[in-house]
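K.L.:
output the structure for:
(one chain, ligands or ions: 1)
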Amino acid sequence: MTLETRLETAARAAGVAGFGIAGAEPFPEVRRELERRKAEGSHAGLTFTYNDPERSTDLRTSLRWAQSVVVVAWSYVDAAGSPGQATPGSGRVARFATEDHYRPLRRALGDLAAILRDAAWNAEVLVDDNRLVDRAAAVRAGVGWWGKSSMVLVPAAGPWVLLGSVVTDAALAATAPMRRDCGTCTACIPACPTGAIVAPGVLDARRCLARWAQAPGVIPVDYREAMGDRIYGCDDCLDACPPGFRALDRADGGGGRLDLLRVLSASDEELLAEFGHFYLPGRRPDVLRRNALVALGNNPGPGAVAAAVRYLTHDNWVLRAHAAWALGAMAGAEPRAGLVAGLAREDDPRVRVEIEAALR
Ligand code: B12
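P.N.:
Okay, here's the model as predicted:
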């Protein structure tokens with residue numbers, strides 16, 4: 001059995017939804033795109049692969065010996081389930097993050113790395129790593145095709161996959177690219193609630209709610225209502241994608257819903273224990289609390305007013321500001337009384353502006 005066949009057999013046995021092999025040559029067109037977006041600002045200040053476009057599009061700058069990239073796609077939608085009922089006071093987590101779905105992907109990649117190392121080759125697992133643009137590797141390896149949402153779509157699973165690679169110095173035979181595209185379908189483009197897909201295949205991260213949910217600091221007022229009940233990630237362009245419908249049918253309900261008041265009353269330790277697999281800048285759970293306040297404003301349940309009023313006295317001004325917005329969104333006499341009392345004690349001008357706006 002060839003090494004390529006052994007790798008694919010092991011990957012399929014581990015349950016992957018897609019498998020392919022690509023050469024480790026640089027990705028000059030992706031580098032140009034990263035640089036273009038950085039120059040125009042549509043990377044929204046994100047670091048990751050944007051930090052050093054040369055490095056993230058040329059594996060050999062970080063792994064000098066790289067010859068081939070073994071890429072797999074992991075379908076997580078069965079395990080994630082579909083979000084349960086949007087009950088008042090509940091928040092929503094995108095399916096890719098309902099639990100640590102990267103864990104089985106990393107395990108499968110670890111199996112492949114072990115096979116390569118047993119054959120005396122170097123092997124390094126890269127997932128969500130700044131040294132590689134995962135989607136570019138997946139498209140080159142024929143694992144899927146670039147959809148108009150900018151997601152890589154995989155047969156049978158559609159966009160509902162996470163991607164990861166093993167880089168090796170073995171010169172493996174490459175897989176043929178997939179001869180498929182979205183054709184005339186444009187379902188994802190109008191499905192984005194904030195118009196972030198500005199051209200087929202091009203996402204403006206400044207408008208993407210998934211980006212705002214993980215950005216530090218203040219969520220711009222214009223995006224807070226659009227956040228709806230989301231507290232992490234956004235699936236709207238994926239939900240609209242026909243190649244993913246069959247995979248969604250297999251998912252059962254109940255995944256990704258949580259009680260916002262519980263998030264708002266949990267300690268840092270509790271939040272990190274439960275949501276440690278989220279990307280939270282600086283591992284600061286206040287980003288999650290901020291999102292929960294916005295979600296509470298958009299989807300209040302019993303106890304919502306009291307919880308938001310309590311946050312008007314929080315040490316972190318960003319949380320006080322979002323609590324004010326949430327109370328303004330809830331409207332009514334009780335939130336108003338909380339805001340008036342908050343304004344009387346508040347001396348941070350950034351929060352006062354928010355309280356005054358909420359009172360109008
Ligand atoms: C930064 C980042 C983000 C940023 C997005 C920034 C951006 N636009 O690049 C934010 C935080 C917003 C984000 C959101 C999400 N992300 Co993200 N993210 C990344 C990360 C770390 C880097 C991505 C990157 O380098 N982008 C660079 C740009 C240049 O790539 P691109 O947008 O794909 O651009 C290509 C297309 O535009 C294409 N193209 C250009 N013109 C045209 C024209 C046509 C017609 C077509 C079809 C294509 C096309 O060419 C470009 C490259 O040259 C990767 C992990 C990694 N290390 O790769 C994960 C990754 C891309 N994210 C992932 C996921 C799951 C998500 C979310 C679905 C999570 C969620 N549910 O909320 C959303 C999806 C949003 C979306 N529609 O893309 C997965 C995607 C898996 C897949 N099947 O594609 C990845 C690969 C992580 C992983 N290991 O699985 N993410």
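K.L.:
pLDDT weak spots in the stretch 151-300 of the chain?
P.N.:
253-254 (pLDDT under 70).
K.L.:
80 instead?
P.N.:
252-255 (pLDDT under 80).
K.L.:
closest approach to the ligand from it, which residue is it?
P.N.:
For the stretch 151-300 of the chain and the ligand, the shortest gap (CB to the nearest ligand atom) falls at residue 201, measuring 2.3 Å. Every C-beta, even on glycine, is put in place using the N, C-alpha and C of the backbone.
K.L.:
ok, that residue - contacts?
P.N.:
146-148, 150 (CB atoms under 8 Å, 6 or more residues apart in numbering).
K.L.:
switch those over to a markdown table; also include pLDDT.
P.N.:
As requested, these are exported to a markdown table (pLDDT from 0 to 100):
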| residue | pLDDT |
| --- | --- |
| 146 | 97 |
| 147 | 98 |
| 148 | 98 |
| 150 | 98 |
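K.L.:
out of these, who's near the ligand?
P.N.:
Contacts with the ligand are made by 146-148, 150 out of the contacts of residue 201, judged by CB under 6 Å from any ligand atom.
K.L.:
mark which of those are buried, thanks.
P.N.:
146-148, 150 (16 or more other CB atoms under 10 Å).
K.L.:
nearest to residue 114, of those residues?
P.N.:
residue 146 (30.6 Å; CB to CB).
K.L.:
tell me the bridge partners for that closest one.
P.N.:
residue 152 (DSSP bridges).
K.L.:
hmm, who's touching the helix or strand in which residue 20 is found?
P.N.:
In this assignment (DSSP states H and E), residue 20 forms part of strand 18-23. With CB under 8 Å, 6+ apart as the test, strand 18-23 has contacts from 4, 7-8, 11-12, 67-73, 137-138, 140-144, 154-155, 157, 161, 172-175.
K.L.:
now the helix or strand following it: buried residues?
P.N.:
Sequence-wise, the next helix or strand downstream of strand 18-23 (DSSP H and E) is helix 28-40. Across helix 28-40, burial judged by 16+ other CB under 10 Å covers 30-31, 33-34, 37.
K.L.:
closest to residue 338 among the residues you listed?
P.N.:
residue 37 (41.4 Å).
K.L.:
which residues does the closest one contact?
P.N.:
Contacts for residue 37 (CB under 8 Å, 6+ apart) come out as 43, 50, 205.
K.L.:
in a markdown table, list the residues you listed along with secondary structure, neighbour count and distance to residue 276.
P.N.:
Shown next, in a markdown table, are these (DSSP: H, G, I helix; E, B strand; the rest coil; neighbours: other CB atoms under 10 Å; distance: CB to CB, whole Å):
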| residue | secondary structure | neighbour count | distance to residue 276 |
| --- | --- | --- | --- |
| 43 | coil | 24 | 26 |
| 50 | helix | 18 | 24 |
| 205 | helix | 18 | 24 |
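K.L.:
tell me the contacts of the residue nearest the centre of the chain?
P.N.:
In the chain, the C-alpha closest to the average C-alpha coordinate belongs to residue 233, at a distance of 4.9 Å (CA atoms, centre = their mean). Residue 233 sits next to 93-97, 210, 213 when contact means CB under 8 Å, 6+ apart.
K.L.:
could you rerun that using 7 Å?
P.N.:
93-94, 96-97, 210, 213 (CB atoms under 7 Å, 6 or more residues apart in numbering).
K.L.:
list the buried residues for the lengthiest helix in the chain?
P.N.:
Counting residues, the longest helix in the chain under DSSP state H turns out to be helix 102-118. Buried residues in helix 102-118, defined by neighbour count with 16+ other CB under 10 Å: 102, 104-106, 108-109, 111-113, 115-116.
K.L.:
phi first, then psi, for residue 17.
P.N.:
Backbone geometry at residue 17, expressed as degrees, to the nearest 10, gives phi -100, psi -10.
K.L.:
not counting sequence-adjacent ones, nearest residue to it?
P.N.:
Closest residue to residue 17 apart from its sequence neighbours, by CB to CB, 6 or more residues apart in numbering: residue 75 at 3.9 Å.
K.L.:
next, count neighbours for that neighbour.
P.N.:
Residue 75 has 24 neighbouring residues, counting by other CB atoms under 10 Å.
K.L.:
again, but for the one 3 residues further on
P.N.:
Residue neighbour count, defined by other CB under 10 Å, stands at 13 for residue 78.
K.L.:
quick one: residues in contact with the one helix or strand residue 225 maps to.
P.N.:
Per DSSP H and E, residue 225 falls inside helix 221-227. Applying CB under 7 Å, 6+ apart, the contact partners of helix 221-227 are 193-194, 209, 212, 219, 294-295, 298, 325.
K.L.:
from those residues, which is closest to residue 256?
P.N.:
residue 295 (12.5 Å).
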